[in-house]
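Undergrad: Next come a sequence and a model predicted from it.
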Amino acid sequence: MAAATRNRRVAFSQPGFVPLKADLDGSSSRFGPKKRVNKNKKKNWNKYSDIQDVEDFLDDVRLQERATGGLLSEKPDDSLFFVDTGEQAVPQTATVAPKPKRSKQLRIDLILQPDSSVAPPKDVLAYQQPNAKKLRRIAQKAEKLAAMGVLPRRERLLRRRAAAGAPPTTRDGQKLSANKDQARGFYDLWSPGKADTADPYYLEQTKKKLVKRPEKLNVKPSLLPAVEVAAPGASYNPEFSSHQALLLGAHESEVKRLKAEEKLERQTAIRREDLATKESMFREQVEGLIEEEEKLDVEHTEEGDEDTVVGPTAQSEKKTERQRKKEKADRKKELQRKAERQAVDSRQQLFRLRSIGAEVKRLEQQTSIRRSRRKIRQEEEKVQPRRLGRLRFQAPDVELQLSEELSGSLRTLKPEGSILKDRFKSLQKRNMIEPRERAKFKRKFKVKYVEKRSFREVQ
């Protein structure tokens, strides 16, 4: 009881303390008779020590700091009280200007406002700077030298170059780029004006200059037009000659396709001489038996010859020194003879300059012919579909109508073909997509047929 009374006395003995809560004015007492315990033991110190009044005092101090920004006892009287002098009489002659209507603050802004007047703690780490002491000494030294009129080495070099009029260079004597030049002018990226520098790297990085377009992107994959104009015979009311020409072209393409099919059938057909006969079937049946009998005869002959003595294999005799010298001299003579023959041939070529010139001219003509043929072939390939995938391009059938199907008006015209298929084939023909085939649908499960009860009743 004595400890609690002492804590209360200490809390309220603060000079000029004004409590914000009503229960801290000392009028109410919540302390009653307490259990007598032994305070000599350390485990009973915190367990049986009542510090509620001190906690209330500290809570009130924190509440004043949050609500008013500090203790009420430390605030001046002008911020807490005001003198009420009553309403002042307004002269009738004076015109009172209406006060501007203040816009009410939104509720969301009121919620987002901090409910505490306590200033946030100062972040000491935010004010720290690595090597601050060293940088401060360097700055002080630079100020001292500037006051004495001594310029740093970099500034002296820049002024010397500017006076000489020479472009800045590196230590190796190479010219500095615009990005490494310390004396270059600076440009604000967000300024409304244009850049003063014309550095290509700067213009590319700031999107002022487009990246160079590759030349390959300007080359079209095919010289064919996107939309090919149909033949005059494909009109709904064509001329007789143009329609017959279109029918002739379709007939020739169909005949060519039938010939290719017949050729393939002839190549894959079974020939009469390749059919099996009784004699060939009997020969195939007894073919393995004859080979086995021959093998058995060979094995018997080998077993009978095992007792024969086999002599040693013949070995090549070692060459003598005289033979080696003779071979070396022969090789030298052969090389010398080839060199002499080559010299004679080169001298003889002087007498056949006319024939050599004619041969060179003939080779040049052949080369030019091959070059022109290659160029023509390349030009033809530009309008032909290339092999882009595993499938070859199949040209679509010619869309036409027979003579009896022609109609003189668009209203009774029978449509031919499909726009979607035509565009798809055009993309394939112009080498923009590879030729494709329709994906085959494969059923994963078997179809189970079940007869309904109503179907059985009908039967």
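TA: That came in fine, so what should we check first?

Undergrad: got any ranges where the stretch 301-450 of the chain has weak pLDDT?
TA: Residue ranges of the stretch 301-450 of the chain with pLDDT under 70: 301-316.

Undergrad: So which residues of the stretch 201-350 of the chain form helices?
TA: 240-268, 278-304, 321-348 (DSSP state H, counting those that start in this stretch).

Undergrad: from these, which stretch is densest packed?
TA: Counting by mean count of other C-beta atoms under 10 Å, helix 240-268 has the highest mean neighbour count of those, with a mean of 12. Glycine gets a C-beta too; all of them are placed from N, C-alpha and C.

Undergrad: pLDDT (mean, whole number) over the host helix or strand of Ser79?
TA: Secondary structure assignment for Ser79, by DSSP states H and E: helix 77-80. Across helix 77-80, the average pLDDT comes to 83.

Undergrad: what about the helix or strand that comes right after that helix, distance to the chain center?
TA: For helix 77-80, the following helix or strand on the C-terminal side (DSSP H and E) is helix 107-112. Distance, stretch centre to chain centre, for helix 107-112: 45 Å (C-alpha atoms, centre = their mean, to the nearest Å).

Undergrad: Identify each buried residue in helix 107-112, please.
TA: Across helix 107-112, burial judged by 16 or more other C-beta atoms under 10 Å covers no residue at all.

Undergrad: How about stretch 215-234?
TA: 222, 224, 231, 233-234.

Undergrad: Pull the distance from it to the chain's centre.
TA: 32 Å.

Undergrad: same deal with stretch 354-361?
TA: 59 Å.

Undergrad: One more: stretch 107-124?
TA: The chain centre lies 45 Å from the centre of stretch 107-124; the measure is C-alpha atoms, centre = their mean.

Undergrad: what residues does that stretch touch?
TA: 65-70 (C-beta atoms under 8 Å, 6 or more residues apart in numbering).

Undergrad: Now with 6 Å, please.
TA: Stretch 107-124 is contacted from outside by 65-66, 69, using C-beta atoms under 6 Å, 6 or more residues apart in numbering.

Undergrad: Flag the shaky bits of the stretch 101-250 of the chain, pLDDT-wise.
TA: For the stretch 101-250 of the chain, applying pLDDT under 70 flags the ranges 165-189, 191-198.

Undergrad: residue ranges of the strands in this structure, please?
TA: Using DSSP state E, the chain contains no strands.

Undergrad: got the domain boundaries for it?
TA: What automatic domain parsing lists as the domains of the chain is 2-77, 150-216.

Undergrad: Quick one: end-to-end length of the shortest one, please.
TA: This points to domain 150-216. Domain 150-216 stretches 59 Å from its first residue to its last (C-alpha to C-alpha, to the nearest Å).

Undergrad: on that earlier part again, dump the helix holding Ser79 to CSV, keeping only the CA atoms.
TA: C-alpha atoms of helix 77-80 as CSV (Å, rounded to 0.1, in the frame of the first residue of the first chain):
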residue,chain,number,x,y,z
ASP,A,77,-2.5,30.4,-22.4
ASP,A,78,-3.3,32.1,-25.7
SER,A,79,-3.7,28.6,-27.3
LEU,A,80,-6.0,27.3,-24.6
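
Undergrad: still on that earlier bit, between which two of the buried residues of stretch 215-234 is the distance greatest?
TA: Spatially, the most separated pair among those is Ser222 and Gly233, at 25.1 Å (C-beta to C-beta).

Undergrad: what residues are up against Tyr48?
TA: By C-beta under 6 Å, 6+ apart, the neighbours of Tyr48 are Val37.

Undergrad: And it, how close does it get to Lys35?
TA: Using C-beta to C-beta, to the nearest Å, one gets 7 Å for the distance from Tyr48 to Lys35.

Undergrad: Glu451 now?
TA: For Glu451, the distance to Lys35 - C-beta to C-beta - is 92 Å.

Undergrad: Those two - which one has more neighbours?
TA: Applying other C-beta atoms under 10 Å to Glu451 and Lys35 shows that Glu451 carries more neighbours, namely 8 against 5.

Undergrad: chain center to the helix holding Ser79, what's the gap?
TA: Worked out by C-alpha atoms, centre = their mean, helix 77-80 lies 68 Å from the chain centre.

Undergrad: Stretch 270-290 now?
TA: Here the centre of stretch 270-290 is set off from its chain's centre by 65 Å, with C-alpha atoms, centre = their mean.

Undergrad: Same check on stretch 208-222?
TA: For stretch 208-222, the distance to the chain centre is 19 Å (C-alpha atoms, centre = their mean).

Undergrad: Pull the residues that contact it.
TA: 203, 430-431.

Undergrad: That stretch spans what distance, first to last residue?
TA: End-to-end distance of stretch 208-222 (C-alpha to C-alpha): 33 Å.

Undergrad: likewise stretch 433-453?
TA: 53 Å.

Undergrad: got it, and stretch 376-390?
TA: 27 Å.

Undergrad: contacting residues around that stretch?
TA: 223-224, 393, 429, 431, 434.

Undergrad: same thing with stretch 63-70?
TA: Counting by C-beta under 6 Å, 6+ apart, 20, 71-72, 116-118 sit against stretch 63-70.

Undergrad: Helices of the stretch 51-200 of the chain, residue ranges please.
TA: 52-68, 77-80, 107-112, 124-127, 132-148, 153-164, 200-205.

Undergrad: Include distance to Ala343 when you put these into CSV, please.
TA: Output for the helices of the stretch 51-200 of the chain, formatted as CSV (distance: least, C-beta to C-beta, whole Å):
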stretch, distance to Ala343
helix 52-68, 114
helix 77-80, 122
helix 107-112, 104
helix 124-127, 92
helix 132-148, 82
helix 153-164, 66
helix 200-205, 60
